[in-house]
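1. A predicted structure for the sequence below; I have some questions about it.
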Amino acid sequence: MYKTTLRSMMCGFVNKDFENREIKLAGWVNRIRDHGNILFIDLRDRSGMVQIFTNSKEMISKIKDLKSEDVILVDGIVKKRPDNMVNREMKTGEVEIELKELSILNRSEVLPFQIDDDVKAHEELRLKYRYLDLRRNSMKEAIIQRAKIIKCMRDFLFDEGFIEVETPVLSKSTPEGARDFLVPSRIHKGKFYALVQSPQIYKQLLMVAGFDRYFQIARCFRDEDQRADRQPEFTQLDIEMSFVERDDILSLIEKMIYRIFDEILKIKLSVPFKILTYDEVVEKYGTDKPDLRYDLIINDFTDIVKDSEFKIFNENEYTGGIIFEGDLTRKEIDDLNLFIKSAGGLGLTYLKIENESLTGPVAKFFKKNVFNLKKGHILFMSGKRKRTLEFLGMLRRKLASLKGFDNKKEFNFLWVVEFPLFEFDEIENRYVAAHHMFTMPKKEHIGMLSTDPLKVRSDTYDLVCNGVELASGSIRIHDRNIQKEIMKIIGMSEDELYSKFGFLLDAFKYGAPPHGGIAPGIDRFVSLLLERENIKDVIAFPKTLNGVGVMENTPDYVSSKQLKELNIKVVNDE
């Protein structure tokens, strides 16, 4: 009920059990309906809405200038509605409140936009007045559901023997990953903290400290280009465990997600989740985060078409294609071709097969049907293998969206494992960590670290659902010598690795246990569960795509006095 001095209960909890009882409510005026001899007020608070009425001429006269979004305090009697007047759309629809007293606690000016789920205002205006935007039911419910999901995570992990530990936000700037947000030190002139990109090193040190099972609802900060599923500050569920192998962590996360879906969405998930390797998903789906709600597997046609007279097929390293057994119109194919070209690709060609006859732009290059398909279309692309697979992955997603295969009510979870440990950065002409430099190589690949780094696969695992990466994790390095070797492979000198990570390497000298962890992104996870297109819709006060807080006007200039205290001078770049 959440009783306070001003109110006896919240609006959404009023029901027929309180019939003929006097109650006090407080909240916002949602709507007023003046029928002349009777006036109705829909009163709203976080818990819901209830109808209030009065047929007192004196009361109607007193409150006739009441407006939407005014904050009021009411005293009234709970009345059961007649059966033919029950509102089944409201959880309080069986009752209404006969008004006895009303006090206006605060007035509202004319709103910049209407508090309505079908809001017409542009996003920037809604972000400027985010506190009003959050009054809309859809936004309010998203924030409430987010809180319930996080509580469910906490309850589960406490039940599994984890402890919650807070780690520093002001940390040390280290190489790799995205750009850091830097914080100048007033006391230590010329030195800077960095806002942590993740608690990675701290949670590993907690394992060295013997805490065994740690978690944290962690705030993380990355100065990187924004997009729909990315913010400069975000929240993740950080988890680390000692004396584990990969499958222990996968099993734990599956149990947690099963519980969240069961308790929050009332959905019984199928567990365990499917497991595929990085190499498998890239070859079959053209991405390391495939959407498995639909098939549309990429086929390698290189050997089949290389002897054709079609120049593009026989001169390129790789030709792949997607078989679609349904109908595709010429316009749909043209739209798909235009999509690939707009993404930077060279385009696609196609073959239509029906009753063993071949039609389409490349049909003349094949004397017979060699594709093991009786009816349907094959959409081909050729080029360098890696890049062509990426474009085929884009084509696969676009085709599925075009045909409505991406059902938002379906949740298809997948583990992608054994990512490459390294990638080669051609611009910097050096190896870089594909995941991060604290990731353990697969045991059988450790011997290849010095001879063939790009063939080394790591003990990593990503959780993917409906084409969205929800979590990333790995078994960590706990051996000091392996850690130093990997740091040197990515180009760090002996002095640099001790300057940046000496405290971690020192910790490994004193009995570091085998350990591993994972970090589900809470913003992405909640937006997926609640079927929101953008993570901004599940964050109370998000930034725009260019990292601006429109409401509070951040980032902003600071005074010359503050800059002087920090020994900083701002240089205008002309």
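-> Perfect, thanks for sending it. Residues are numbered from 1 along each chain as shown.

2. Can you give the distance from stretch 550-561 to the centre of its chain?
-> 28 Å (Cα atoms, centre = their mean, to the nearest Å).

3. First-to-last residue distance for it?
-> 25 Å (Cα to Cα, to the nearest Å).

4. what sits up against that stretch?
-> With Cβ atoms under 8 Å, 6 or more residues apart in numbering as the test, stretch 550-561 has contacts from E124, L127, K128, Y129, R130, Y131, F541, K543, T544, G547, V548, G549. Just so you know, the C-beta spots here come from the backbone N, C-alpha and C atoms, and that holds for glycine as well.

5. Please pick the buried ones from those residues.
-> Buried members of the contacts of stretch 550-561, scored by 16 or more other Cβ atoms under 10 Å, are L127, K128, Y129, R130, K543, V548, G549.

6. Now intersect the residues you listed with the helices, please.
-> Judged by DSSP state H, these include L127, K128, R130 as members of helices.

7. can you tell me the average pLDDT over stretch 111-130?
-> Mean pLDDT, computed over stretch 111-130, is 93.

8. buried stuff in it?
-> In terms of neighbour count (16+ other Cβ under 10 Å), stretch 111-130 has its buried residues at F113, I115, V119, A121, R126, L127, K128, Y129, R130.

9. same check, this time on stretch 94-109
-> Buried residues in stretch 94-109 (16+ other Cβ under 10 Å): E94, V95, E96, I97, L99, L102.

10. can you redo these as CSV with secondary structure?
-> Putting those into CSV (DSSP: H, G, I helix; E, B strand; the rest coil) gives the following:
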residue, secondary structure
E94, coil
V95, strand
E96, strand
I97, strand
L99, strand
L102, strand
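
11. In TSV: those residues, plus pLDDT.
-> Compiled in TSV, those are given as follows (pLDDT from 0 to 100):
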residue	pLDDT
E94	97
V95	97
E96	97
I97	97
L99	97
L102	96
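
12. so which pair among those residues is furthest apart in space?
-> E94 and L102 (22.7 Å; Cβ to Cβ).

13. Can you identify each of the strands in the stretch 1-150 of the chain by residue range?
-> 22-34, 39-45, 48-54, 71-80, 95-106 (DSSP state E, counting those that start in this stretch).

14. what inclination does the fourth one have with respect to strand 95-106?
-> Counting by axes from the mean of the first three to the mean of the last three Cα atoms, to 10 degrees, strand 71-80 lies at 170 degrees to strand 95-106.

15. For the residue nearest to S56 when sequence neighbours are not counted, give me its contacts.
-> Nearest non-adjacent residue to S56, counting by Cβ to Cβ, 6 or more residues apart in numbering: L99, 7.6 Å away. Contacts for L99 (Cβ under 8 Å, 6+ apart) come out as I41, I52, F53, T54, S56, M59, V74, D75, G76.

16. Go through the contacts of stretch 550-561 and name the one nearest Q226.
-> The closest of the contacts of stretch 550-561 to Q226 turns out to be G547 (Cβ to Cβ; 6.0 Å).

17. Point out where the stretch 351-500 of the chain drops to low pLDDT.
-> Scanning the stretch 351-500 of the chain with the threshold set as pLDDT under 70 gives no residue ranges.
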